[in-house]
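In: no FASTA, just this:
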């Protein structure tokens, strides 16, 4: 993950009346959710959300989830460790447009307890439940001061390990 930027705080995260964690259609159980309303600055020249914005939203929900688990930016700095993106896989399934209300879900699906962590994502439109995006990101633990791969601190292993969701449960 890179450093967080302006976005919703953990306190601002809430489920929508139209689409929430109990709604059918989520890829996995127990999603961590981030509500999104598509703004003008998110659009590209075609009038739909630019792919750069989708990546920004993946980053925002990752940070919000990590902070909700108790691992915020200050903790990473204190430990001189961070989870850096190694690989993104994104499937764009349908477009989002100005003013639409969306719900972005994330799950931790793998943590080897040493270096890597994998998240899955699903973005759905609240009005009809259609999935707009499915993604997977692999993170590697690095030492912030050097940028080199380093073993995860025990707190990371415990925190992330407890939050894992099995992909077989889908």
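Out: Looks like it came in fine. This one's a predicted model, so the numbers in the text were calculated from it and none came from an experiment.

In: How is residue 117 classified with respect to secondary structure?
Out: Counting by DSSP: H, G, I helix; E, B strand; the rest coil, the backbone at residue 117 sits in strand.

In: ok, it to residue 29 distance?
Out: As defined by C-beta to C-beta, to the nearest Å, residue 117 lies at a distance of 19 Å from residue 29. Every C-beta, even on glycine, is put in place using the N, C-alpha and C of the backbone.

In: swap in residue 51?
Out: Relative to residue 29, and taking C-beta to C-beta, residue 51 is found at 28 Å.

In: Same question for residue 99.
Out: In terms of C-beta to C-beta, residue 99 sits 30 Å off from residue 29.

In: for residue 127, same thing?
Out: For residue 127, the distance to residue 29 equals 23 Å [C-beta to C-beta].

In: Likewise for residue 20?
Out: 13 Å.

In: Between those two, tell me which one has more neighbours.
Out: Taking neighbours as other C-beta atoms under 10 Å, residue 20 and residue 29 compare with residue 20 leading, 15 against 12.

In: Secondary structure class of the more buried one, three-state.
Out: Secondary structure assignment for residue 20 (three-state DSSP): coil.

In: Quick check: it touching residue 35?
Out: No - between residue 20 and residue 35 there is no contact under C-beta atoms under 8 Å: 9.6 Å.

In: Now do the shared contacts for the two.
Out: residue 103 (C-beta atoms under 8 Å, 6 or more residues apart in numbering).

In: Could I get the full set of strands for this structure?
Out: Counting by DSSP state E, the segments of the chain that form strands are 32-37, 81-92, 101-111, 116-125, 131-143.

In: Any idea which of those strands gets closest to residue 44?
Out: Proximity to residue 44 (C-beta to C-beta) singles out strand 81-92 among the strands of the chain, at 12.1 Å.

In: Distance from the chain centre to the closest one, please.
Out: In terms of C-alpha atoms, centre = their mean, to the nearest Å, the centre of strand 81-92 is found 10 Å from the chain centre.

In: angle of it against strand 131-143?
Out: 160 degrees (axes from the mean of the first three to the mean of the last three C-alpha atoms, to 10 degrees).

In: Which neighbouring elements make contact with strand 81-92?
Out: helix 51-68, strand 131-143 (3 or more C-beta pairs under 8 Å, 6 or more residues apart in numbering; DSSP states H and E).

In: Relative to residue 84, which of those is closest?
Out: strand 131-143 (4.8 Å).

In: in that closest one, what counts as buried?
Out: Of all the residues in strand 131-143, those buried under the rule 16 or more other C-beta atoms under 10 Å are 131-133, 135-137, 139-142.

In: from these, which is closest to residue 153?
Out: Using C-beta to C-beta, the buried residues of strand 131-143 come closest to residue 153 at residue 141, 8.2 Å.
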